[in-house]
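*Asks:* Just a sequence and a predicted model for now, questions to come.
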Amino acid sequence: MTKPGPLSGCTIAVTAHRRAEDLIASFERRGAKVVHAPTLQIVPAADDQPLIEATRRVIANPPDDVVVTTAVGFRGWIEAADTVGLAADLLSTLEQSRLLARGPKARGAIRAAGLVEHWSARSETTAEVVDWLRDQGVSGRKIVVQLHGLSDPALQDTLRSVGASVRGLEVYRWGPAPDPAAVERMIGLICSGGVDAVVHTSAPGAQALLDAAALNGQYDALVSALRTGRVLNACVGPITAAPFVTLGLEPLVPDRFRLGALIRIVTDRLTDDNARSIETAFGQLVIRGGAAVLDGVVLPLGPGPRAVLAALVAAGGDVVSRPDLLAVLPGAEDVHAVEVTVNRLRTAVGRPELVRTVVRRGYRLAIEPVGLPS
């Protein structure tokens, strides 16, 4: 038996590549099972000769302004320069430039390198950085933009249109999913309600999930699962949420755009109101994505037993007929399959009396005689 935690019985899908270990460990400590299938992967350019050559050009022709978009990108740039003995020259060059941070994480990376930012965007968006530069006036200024995984031609073109000379610097880029088959399986779980929540930490990763679903013919089912709220869809911030918002979806976003805040809000939401539960004669029964929790004990269930139990919980103690249970069983063809699945369910739960047979009518849960939902 698994020691219960606040997320005991929950299954959470994680689409992130970078810092996924932090998310996974945090959710697992709270009792959740995690399905990890990165929809993209970060491909570092530390050994990429174009990055080294771009760094030499920055040193030879120092910029007036440097836009730091991500902490991982800025640190990677310094580390790449260090591998060829250019770190000291690069830091000396950057010290003479205006360093503009897209947000607090980028600002922290600048300070960790022994430098001081000139300004930092409060909204943590590239658009605010562009607006600030335009307001300051950039005609004739040389600007280097550390790109964040995907090129941002619109940003660069906007600055060029007001007279700036702009160079993009790619420290890392987004590559394809390391295991497309795992992504497809994860999408299938989301569509079938086999997970309780799906968690995203980047806009490219979120968009890649939608793109993978479209490629595999699961797009409509995925959007439906996220729209109905059957699966909690959570994003670390509004930028990450943008691909879903564009579709009219309303993903869960924490007030503070940090992993810790994301973990807390997902935990709170799943604990508070995203599970189906009922009081039974054997304690509270909670239905989760891949399991049930009875009186604090996690009960792993296969798709069939879970589907039957979910239907019985939804009935609130009323009788559910065999044909109705057959309708929720994936791939079942006759009522004999219902009887077999109910027996499997009783064995898995360890309390055979929880699921009672009502002769000639079907099955119902044994629930408490007091405080039943009407």
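*Replies:* Thanks, I have the structure now.
*Asks:* any low-confidence regions in the stretch 201-350 of the chain?
*Replies:* Residue ranges of the stretch 201-350 of the chain with pLDDT under 70: 272-275.
*Asks:* The stretch 201-350 of the chain: strands as residue ranges?
*Replies:* 232-235, 276-280, 283-287, 291-294, 297-300 (DSSP state E, counting those that start in this stretch).
*Asks:* List just the one of the ones you listed that sits closest to Ser123.
*Replies:* Closest to Ser123 of those is strand 232-235 (CB to CB; 15.6 Å). In short, each C-beta sits where N, CA and C put it, glycine included.
*Asks:* centre of the chain versus the closest one, how much separation?
*Replies:* 7 Å (CA atoms, centre = their mean, to the nearest Å).
*Asks:* Could you shift the numbering so residue one becomes 296, and keep it that way?
*Replies:* Sure, I'll start counting at 296 from here, so that last one is strand 527-530.
*Asks:* Can you dump the C-alpha atoms of it in PDB for me?
*Replies:* Extracted C-alpha coordinates of strand 527-530, given in PDB (Å, rounded to 0.1, in the frame of the first residue of the first chain):
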ATOM      1  CA  LEU A 527      -6.700  20.100 -15.400                       C
ATOM      2  CA  ASN A 528      -4.500  22.100 -17.800                       C
ATOM      3  CA  ALA A 529      -1.900  24.200 -16.000                       C
ATOM      4  CA  CYS A 530       0.800  26.500 -17.300                       C
END
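*Asks:* Show me what that strand is packed up against.
*Replies:* Packing contacts for strand 527-530, counted by 3 or more CB pairs under 8 Å, 6 or more residues apart in numbering; DSSP states H and E, involve strand 492-495, helix 533-540, helix 554-567.
*Asks:* which of those is buried the deepest?
*Replies:* By mean neighbour count, with neighbours taken as mean count of other CB atoms under 10 Å, strand 492-495 ranks first of these at a mean of 26.
*Asks:* tell me what it is packed against?
*Replies:* Against strand 492-495 (3+ CB pairs under 8 Å, 6+ apart) you get strand 306-309, helix 498-510, strand 527-530, helix 554-567.
*Asks:* List the contacts of the second one.
*Replies:* With CB atoms under 8 Å, 6 or more residues apart in numbering as the test, helix 498-510 has contacts from 310-312, 333-335, 444-445, 469, 472, 475, 478-479, 482, 493, 495, 514, 516-518, 530, 534-539, 542.
*Asks:* quick one: contacts for the closest residue to Pro357 other than its chain neighbours?
*Replies:* Of all residues not flanking Pro357 in the chain, Thr388 sits nearest, at 4.9 Å (CB to CB, 6 or more residues apart in numbering). Counting by CB under 8 Å, 6+ apart, Thr388 touches Val353, Ile354, Pro357.
*Asks:* and the residues you listed, which are buried?
*Replies:* For these, a burial check counting by 16 or more other CB atoms under 10 Å picks out Val353, Pro357.
*Asks:* Alright, calling it a day.
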